[in-house]
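*Asks:* requesting a structural model of the entry that follows:
(chains A, B, C, D and E)
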Amino acid sequence: MLLKNNIPIGYVLGKVRHDSALVAIYAVVITILHEWKIFSFDIPIGGVPAILGTVISLLLAFRSNQAYDRWWEARIVWGSIVNDSRSFARQVITFVGNLYEAGACGALKERLIKRQIAWNYALTKSLRKQDPYEDIKRFLSTSELEFVKAYDNVPNALLKLQGMDIHRATADGLINQFQQIEMERTLTKLTDAMGKCERIKNTVFPETYTLYIRLAIYLFITVLPFSLFGLFGYVSIPLIIAIGTLFLLIEKMAVHLQDPFENKPTDTPMSTISAKIERDLLQMWLDDKVDSSRTEVNEENKDVFYIL
Amino acid sequence: MLLKNNIPIGYVLGKVRHDSALVAIYAVVITILHEWKIFSFDIPIGGVPAILGTVISLLLAFRSNQAYDRWWEARIVWGSIVNDSRSFARQVITFVGNLYEAGACGALKERLIKRQIAWNYALTKSLRKQDPYEDIKRFLSTSELEFVKAYDNVPNALLKLQGMDIHRATADGLINQFQQIEMERTLTKLTDAMGKCERIKNTVFPETYTLYIRLAIYLFITVLPFSLFGLFGYVSIPLIIAIGTLFLLIEKMAVHLQDPFENKPTDTPMSTISAKIERDLLQMWLDDKVDSSRTEVNEENKDVFYIL
Amino acid sequence: MLLKNNIPIGYVLGKVRHDSALVAIYAVVITILHEWKIFSFDIPIGGVPAILGTVISLLLAFRSNQAYDRWWEARIVWGSIVNDSRSFARQVITFVGNLYEAGACGALKERLIKRQIAWNYALTKSLRKQDPYEDIKRFLSTSELEFVKAYDNVPNALLKLQGMDIHRATADGLINQFQQIEMERTLTKLTDAMGKCERIKNTVFPETYTLYIRLAIYLFITVLPFSLFGLFGYVSIPLIIAIGTLFLLIEKMAVHLQDPFENKPTDTPMSTISAKIERDLLQMWLDDKVDSSRTEVNEENKDVFYIL
Amino acid sequence: MLLKNNIPIGYVLGKVRHDSALVAIYAVVITILHEWKIFSFDIPIGGVPAILGTVISLLLAFRSNQAYDRWWEARIVWGSIVNDSRSFARQVITFVGNLYEAGACGALKERLIKRQIAWNYALTKSLRKQDPYEDIKRFLSTSELEFVKAYDNVPNALLKLQGMDIHRATADGLINQFQQIEMERTLTKLTDAMGKCERIKNTVFPETYTLYIRLAIYLFITVLPFSLFGLFGYVSIPLIIAIGTLFLLIEKMAVHLQDPFENKPTDTPMSTISAKIERDLLQMWLDDKVDSSRTEVNEENKDVFYIL
Amino acid sequence: MLLKNNIPIGYVLGKVRHDSALVAIYAVVITILHEWKIFSFDIPIGGVPAILGTVISLLLAFRSNQAYDRWWEARIVWGSIVNDSRSFARQVITFVGNLYEAGACGALKERLIKRQIAWNYALTKSLRKQDPYEDIKRFLSTSELEFVKAYDNVPNALLKLQGMDIHRATADGLINQFQQIEMERTLTKLTDAMGKCERIKNTVFPETYTLYIRLAIYLFITVLPFSLFGLFGYVSIPLIIAIGTLFLLIEKMAVHLQDPFENKPTDTPMSTISAKIERDLLQMWLDDKVDSSRTEVNEENKDVFYIL
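*Replies:* Residues are numbered from 1 along each chain as shown, chains lettered A, B, ... in the order given. Sure, this is the predicted structure:
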């Protein structure tokens, strides 16, 4: 299962169509003026355009690298959220246990796992500046929902609820002190992941670089026709449009990649990942519920099940 | 022992043969048209082709770096799987121990180690979208096999089994609480490794970059003959084919490296690594079994064995 | 909420206006001398300017990358401060607890959380070489304020106070030994973050690189007119100004990014981040206070609240 | 003490002498044919050679970076082996202790430290595919030597012995449970280092890149004389040899750096590092032995020794 | 407080003055020969010099990046030493505590903190191959000084002393087992930092790269005059010197940065950092001493001090 199909070309192309149109009009006008001998002015292409081409290439390489790094880091963070969600669920299932309070244990496991699922959806929506309550109300009790509504930062509130629940469970003897600390560490990892997403979301990429690159590209496009029409005549029009659009496209792609939480086709597929985590965690939990009942019935058959 | 021979050149070359053929046909047609004076049109090579050459070179460098990084990260992840498998086996052998339950300890060790071996094969097959059951049934009991069949994600199910087994062992006093947490951490590392593989597998590299590069290469090949035939005549045909194919090959290589879990010759050698882990872990386990029996017999000779 | 609007273009442009003016004057003088035939000297642009252009481009790419890395690392460090502050607050709320000393627990929680908020403001001011006391006195008692005033390094003093408070709390039985170590580790992470900020603040970027780049740019600008006026006449004046200013701007941008704690528009938005941490932590704490009272009242309703 | 002198230039130069000779012959033949007017064909150097030069430069930069990263990572791994060996020895000396079993403690310390020294030598030899027994037999008892001989992977067997010894020591009360886990973690770090070395050793660098680069270099050398003899005559022969050899040397250097465990002059100095670890660890151990005896004698003088 | 002023330009310039002088002499001789018509030979600058310029630029970018990374890593390591020293001091102050042995605790704290200060100076001197005893004797007792003198590696000996002291303190009940392990971990971090410094110090940067770059630069300088004097006449002399010196300077800067522990102006400011650590740690310690006395007096006022 691929998490996302490719970014539709048409989508990205659409983003530069105004710029490309301007480039086309400019190229046509200048070339016609030249061909009708109204305006004539030649530049050897090995000079200014070549220097500008090198500068633009290096700026675009720098720009693309940084934008790609932000996009890839966003993906890595969500990958680690998948891992930590699974590890947290496994810890819940294998740490929580008290022979005398099977009921309380079961309820605790359900609360912790469902809240973790809710956390993923809440973070997704919160990063996209959308209302999270629709998605998370399936997994939370009414009182929990009310609790988190008081917070600006819903995922953080959920982590606090998790921490408080684990605290209580420790006090009630459902998990031991070392296990509390171990689960708390997983919560810390999730806090880190959340903070990393917020950092990428809230940090504006220094816009001045974009400005410099666009400046350089427009300067390049301005001088390019004068280097080409002497050699190509009307053929220079498509060439100018092709080269100009290529530069603009690469620059635009970087702009898209650098903000991976804006609900665009280039986004990190957070909803899909959250749904995948939901599937995995529910499977682990349901299975454990069944298994617990089965174990209760066949406690004497334990050895049969485990020994090879 | 090298884990993999080199990628056969013929294999990669085969991937670009259609493109190269098109380039060849185009070069021949254009050159003949020119030599027969049907069509004549010269471009100084220092101009458009040089600028495009610089742009393509930088795009290819960016592309190759990112693809290589994915490929190398995949290899690093599998390297860490080797390490964590060995460390887990060592933990199993040196942590599990209870003088009064030697039998239960031996059975537990066998289950944990064989399940770890199975996990590697399961992950391999699961990343390649192949049926894992053939490979893992050698290491699992029938009931375990049934258990994991209920899961979409087989390796994750195996990790859950490991966690549950360790949980039981803690309750039964075969390992202590600190050891449980330490082994649980190794399971968390394996969960992380699994998630990293899935991330690389499921994240499409932004295809638009490939598109831009191919666009730039085709534009370059389109204008190249006009710069060359004036200088080289028929000799320009092999030159165009050589330069065009070189660019196409570098781009194709990046496409191959970026998806390292697709069962291609450029793949991460997961099967070989899994077999190597199997060998190491079985050796550690068998040896421990022998050693345990020997120790039982010669308990009094312990000092002889260990003191230098 | 975006943490910062973009860097105003005018601000950056203002930084190079003297250099740009000099470039403009030079370009005008040289071109006029040439046009009036007083001085005539042509250089093919494909030669020295092209080589210098390549050198400058690569130096600027190196420079921009290193400066961006410093700026981005500063942002990452402050992102981790957000995470660790939240995790610390969660630890405070979920670790501190002793049925017999609810009052002492409440006071401890308040002290620890407020001191953590103060720490962020203190670090902000300390990195900007400003007086921190105005900001932090809201969160500290008079005696604490006196205590930290004796230190050169205020944030470090606050961390020591935190450690001493946790030490006392352990001795008094409000938290256990494992929890002490876990909270101590969070303090260590904050110490690390503080040290990283100081490293970036106090390490001068090797100024020689800046020198080399400026030398290369001025050499380039010196020879550029001789390559252009033969081709463009008076049109070469704006071209020289545009290309020269572009290079100077990119270089200046790097100089700005490399020192992210100097209270400039390109800075890491430390005050905004500190205010955000204050909001989150106070929300977590107030809510806990309310929750504690409520819990005290409805201790019997606990299950109602938590079970779904 | 520098760990290694420089790589002898002659050594590297020797590796390209066949290629350089071919380049020389080709350059001489082509130039003579041209000078004798037998063959005449000019290419402007700004065209095909310049484009190929840019492509080759970028490919070589990519190649050198990746090769250097492998080489530097190998060095980092061995640096961490030094650190972990020292930390392990310090843990052995400061953790192992039991007032009633001074003799057993001393023997245990000796075994653990000597085995760690042996591990370094064993890993060195094992990575170089050489027989490790000569080096390690000084540090191991006969029975240990026999034990490890049964293994394919000798360093892994030694780590297992360490783990088993620590396990026994825990059972015998020479170290406590937390210390066992802490030392086990150091063993895990050593397992990781070993696995990283194996990864670098066993992963073939994608040979296709080497192929592409050599292809591009040979294409470049093929067309270069045609661009030069028109300008330089016979002087072009040394120029072609110099430029061609320069490219070939850079490429060859990358090939050398990428495999740092092949017993070549460019290697990671594993034997030297192992000897250095041996010196440090023996010093720490001997000193501890002396110190232990001294302490036994002067137990009453302890305070004298430690208080300033 | 900036840790270091800038590297004096004159210093770096001084390093290339011999090379620059040679370049100048060569440029003058060749140009005069040409102007006097003794020797005449023109090369179009777009050809060989442009290709060599690109190759040199990329090699210099590779070289500068690697050298800068070494320099920056050295700075990061010393940054982490600052952090770990502070954290260690905080641990000493907040972990060590035993109501019945206030005297022993105070002495232990003093020994541990002073020894940590000594460690920084010892590492500084040891990396610079200087005698460390002058600097560290202020912080160590005579017996400790004698102890470390027996070691080749003084900082390692100090860490062993720390470990042994902590071991004794654990046995004497001044700290608990978990705290021992936590402090031991800080020692491990310091061991790692020390090992990283040694790695950077002792690993020769592959000198062949320097050789290739200088070869390319000299080849470039050799052909450059032939491309310039036809265009510039005597003006080409300063141009050749400027461009040649620029390349040599960039290369020399890399050579300087790559070895950051050689007591040169480009060095990591280890002495300054060590002094800063001394100031911070002594402040933390003195303050704790005062605070301890004060606390003893006002034990009943504790609440006054801490409650807001």
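
*Asks:* quick one: A:Thr31 and A:Val235 touch, right?
*Replies:* No - assessed by Cβ atoms under 8 Å, A:Thr31 is found out of contact with A:Val235, at 9.4 Å. C-betas here are computed from N, CA, C, even on glycine.

*Asks:* the two: who's more crowded?
*Replies:* Taking other Cβ atoms under 10 Å in any protein chain shown, A:Thr31 and A:Val235 do not tie; A:Thr31 has more neighbours (21 against 16).

*Asks:* now do the contacts for that one.
*Replies:* A:Thr31 makes contact with A:Pro225, A:Phe229, A:Gly233, A:Tyr234, A:Ser236, A:Ile237 under the criterion Cβ atoms under 8 Å, 6 or more residues apart in numbering or on different chains.

*Asks:* and A:Ala157, by the same measure?
*Replies:* Counted by Cβ under 8 Å, 6+ apart, A:Ala157 has contacts A:Phe147, A:Val148, A:Ala150, A:Tyr151.

*Asks:* helix/strand/coil for the first one?
*Replies:* The reference is to A:Phe147. helix (DSSP: H, G, I helix; E, B strand; the rest coil).

*Asks:* can you tell me how far it sits from C:Met284?
*Replies:* From A:Phe147 across to C:Met284, the span is 12 Å (Cβ to Cβ, to the nearest Å).

*Asks:* repeat for the last one
*Replies:* Note on A:Tyr151: its distance to C:Met284, by Cβ to Cβ, is 8 Å.

*Asks:* in terms of neighbours, single out the busier of the two.
*Replies:* Set side by side, A:Tyr151 and C:Met284 show more neighbours around C:Met284, with 23 against 16, by other Cβ under 10 Å.

*Asks:* report the contact partners of the more buried one.
*Replies:* Residues in contact with C:Met284 (Cβ under 8 Å, 6+ apart) are A:Asn156, A:Lys160, C:Arg86, C:Ala89, C:Arg90, C:Ile93, C:Ile113.

*Asks:* how close does the first one sit to A:Ala150?
*Replies:* So the one you mean is A:Asn156. For A:Asn156 relative to A:Ala150 (Cβ to Cβ), the value is 12 Å.

*Asks:* so these two - more neighbours on which side?
*Replies:* More crowded of A:Asn156 and A:Ala150, by other Cβ under 10 Å: A:Asn156, with 26 against 12.

*Asks:* just checking stretch A:103-120 against chain C, any contact.
*Replies:* Yes - Stretch A:103-120 comes into contact with chain C (Cβ under 8 Å from any Cβ of the partner chain), by way of A:Ala107, A:Glu110, A:Arg111, A:Lys114.

*Asks:* which pLDDT does the model give the third one?
*Replies:* Reading off the confidence values, A:Arg111 has pLDDT 94.

*Asks:* let me know the helix or strand that it is in.
*Replies:* helix A:102-127 (DSSP states H and E).

*Asks:* that helix packs against which elements?
*Replies:* On a contact count with 3 or more Cβ pairs under 8 Å, 6 or more residues apart in numbering or on different chains; DSSP states H and E, helix A:102-127 meets helix A:48-95, helix A:133-136, helix A:154-171, helix A:177-202, helix A:270-297.

*Asks:* between those helices, which one is closest to C:His256.
*Replies:* Among those, helix A:48-95 comes nearest to C:His256, with 15.6 Å by Cβ to Cβ.

*Asks:* how about the secondary structure of the most far-flung residue of chain A relative to its centre?
*Replies:* Outermost residue of chain A with respect to the C-alpha centroid, by Cα atoms, centre = their mean, is A:Lys37; its distance is 53.6 Å. With three-state DSSP as the basis, the three-state label of A:Lys37 is coil.

*Asks:* need the contact list for the spatially closest residue to A:Thr186 that is not a sequence neighbour.
*Replies:* The shortest distance from A:Thr186 to any non-neighbouring residue, by Cβ to Cβ, 6 or more residues apart in numbering or on different chains, is to A:Phe88 (4.7 Å). Contact analysis of A:Phe88 by Cβ under 8 Å, 6+ apart lists A:Leu112, A:Gln116, A:Met183, A:Thr186, A:Leu187, A:Leu190.

*Asks:* then A:Ile175?
*Replies:* A:Phe95, A:Val96, A:Gly97, A:Ile166, A:Ala169, A:Met183.

*Asks:* give me the pLDDT value at the residue most central in space within chain A.
*Replies:* Among the residues of chain A, the one closest to the centroid is A:Thr268, at 2.9 Å (Cα atoms, centre = their mean). The score at A:Thr268 is 81. That number is its pLDDT.

*Asks:* output the lowest mean pLDDT helix or strand found in chain A.
*Replies:* One helix or strand of chain A scores below all others by mean pLDDT, DSSP states H and E: helix A:302-306, with a mean of 38.

*Asks:* give me the buried positions along stretch A:139-153.
*Replies:* Of all the residues in stretch A:139-153, those buried under the rule 16 or more other Cβ atoms under 10 Å in any protein chain shown are A:Phe139, A:Leu140, A:Ser141, A:Glu144, A:Phe147, A:Val148, A:Tyr151, A:Asn153.

*Asks:* out of those, who's near chain C?
*Replies:* By Cβ under 8 Å from any Cβ, the members of these lying near chain C are A:Leu140, A:Ser141, A:Phe147, A:Tyr151, A:Asn153.

*Asks:* pipe the helices and strands packed on helix A:102-127 into a markdown table and attach distance to C:Trp71 per row.
*Replies:* Shown next, in a markdown table, are the helices and strands packed on helix A:102-127 (distance: least, Cβ to Cβ, whole Å):
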| stretch | distance to C:Trp71 |
| --- | --- |
| helix A:48-95 | 11 |
| helix A:133-136 | 35 |
| helix A:154-171 | 26 |
| helix A:177-202 | 13 |
| helix A:270-297 | 26 |
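
*Asks:* hmm, back to that, and which of the buried residues of stretch A:139-153 is nearest to chain B?
*Replies:* Chain B has its nearest neighbour among those in A:Phe139, at 19.8 Å by Cβ to the nearest Cβ.

*Asks:* ok, now which ones touch the closest one?
*Replies:* Applying Cβ under 8 Å, 6+ apart, the residues contacting A:Phe139 are A:Lys114, A:Arg115, A:Ile117, A:Ala118, A:Tyr121.

*Asks:* one more: A:Arg199?
*Replies:* C:Arg75, C:Ile76, C:Gly79, C:Val82.

*Asks:* go on, A:Asn98?
*Replies:* Neighbouring residues of A:Asn98 by Cβ under 8 Å, 6+ apart: A:Ala104, A:Cys105, A:Gly173, A:Leu174.
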